[in-house]
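# all I have is the shape, not the residue letters:
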């Protein structure tokens with residue numbers, strides 16, 4: 001299968017698997033994880049469609065007194081800028097209908113401790129099938145980005161292997177409703 005075919009296949013699986021209980025389980029596991037507790041500045045995507053819900057996560061980051069930032073996309077060059085969020089009331093629909101802050105307060109990428117990365121599907125080595133624009137791969141490949149990374153997905157969207165290219169940046173951890181795992185290098 002091509003990446004586009006994988007994307008379509010796993011999007012349908014994700015649509016069927018998405019529910020509030022599964023999203024809440026993913027959020028609870030992330031909030032209880034050592035990577036979350038070790039982080040003081042967290043960047044998370046703000047979910048849309050059938051993605052695991054990250055709005056509750058964003059609220060908890062703020063409630064826990066941690067610094068929250070979210071990506072603001074620039075469709076002209078498929079880049080994104082992490083921007084600080086101080087309250088959920090600052091958010092409004094932006095590019096692609098995804099919530100982003102109304103006032104932009106850019107955050108240096110090197111100051112971020114944890115990046116929550118979206119994906120349609122992940123494999124056990126941390127590779128993912130995203131939406132095909134490369135925003136996160138570009139962002140994570142910046143030399144200033146040293147943050148830990150975690151991908152969130154529903155159980156049917158975690159598989160043994162996915163196609164990937166040399167420029168694809170794998171995540172270090174994956175959380176499903178069933179648990180958290182560290183990505184593994186192929187043996």
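Perfect, thanks for sending it. On a predicted model such as this, the values are computed, not experimentally measured, just so you know. Numbering: from 1, shown residues only.
# please make it C-alpha for all contacts and neighbour counts, starting now.
Fine.
# was I right to think residue 136 contacts residue 115?
No: using Cα atoms under 8 Å, residue 136 is not in contact with residue 115; the gap is 9.7 Å.
# who's more crowded, the two?
residue 115 (26 against 19; other Cα atoms under 10 Å).
# pretty sure the more buried one belongs to a helix, no?
No: Residue 115 is assigned strand when assessed by DSSP: H, G, I helix; E, B strand; the rest coil, not a helix.
# shouldn't it be in contact with residue 42?
Yes: the criterion here is Cα under 8 Å, and residue 115 meets it with residue 42 at 6.0 Å.
# may I have the secondary structure class of residue 26?
helix.
# any idea how far it lies from residue 19?
Distance of residue 26 to residue 19, computed by Cα to Cα, to the nearest Å: 11 Å.
# ok, residue 52 next?
For residue 52, the distance to residue 19 - Cα to Cα - is 8 Å.
# of those two, give the one with the bigger neighbour count.
More neighbours surround residue 52 than the other of residue 52 and residue 19, with 28 against 15 (other Cα under 10 Å).
# now the more buried one. Nearest residue, chain neighbours left out?
residue 23 (5.0 Å; Cα to Cα, 6 or more residues apart in numbering).
# please apply the same query to residue 130.
According to Cα to Cα, 6+ apart, the nearest residue to residue 130 is residue 119 (4.6 Å).
# got the contact list for the one you found?
128, 129, 130, 131, 151, 152, 153 (Cα atoms under 8 Å, 6 or more residues apart in numbering).
# quick one, which of the residues you listed are buried?
Buried members of the contacts of residue 119, scored by 16 or more other Cα atoms under 10 Å, are 128, 129, 130, 151, 152, 153.
# can you give me the helices for the chain?
3-17, 20-32, 34-38, 55-63, 135-140 (DSSP state H).
# buried residues in the shortest one, which are they?
When you say that, I think you mean helix 34-38. With the criterion 16+ other Cα under 10 Å, helix 34-38 contains buried residues residue 36.
# was I right about residue 116 contacting residue 140?
No: with contact defined as Cα under 8 Å, residue 116 and residue 140 do not form a contacting pair (11.2 Å).
# okay, the helices of the chain in TSV with distance to residue 80 and mean pLDDT next?
TSV is the format used below for those (distance: least, Cα to Cα, whole Å; pLDDT from 0 to 100):
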stretch	distance to residue 80	mean pLDDT
helix 3-17	21	91
helix 20-32	23	96
helix 34-38	22	97
helix 55-63	18	97
helix 135-140	6	93
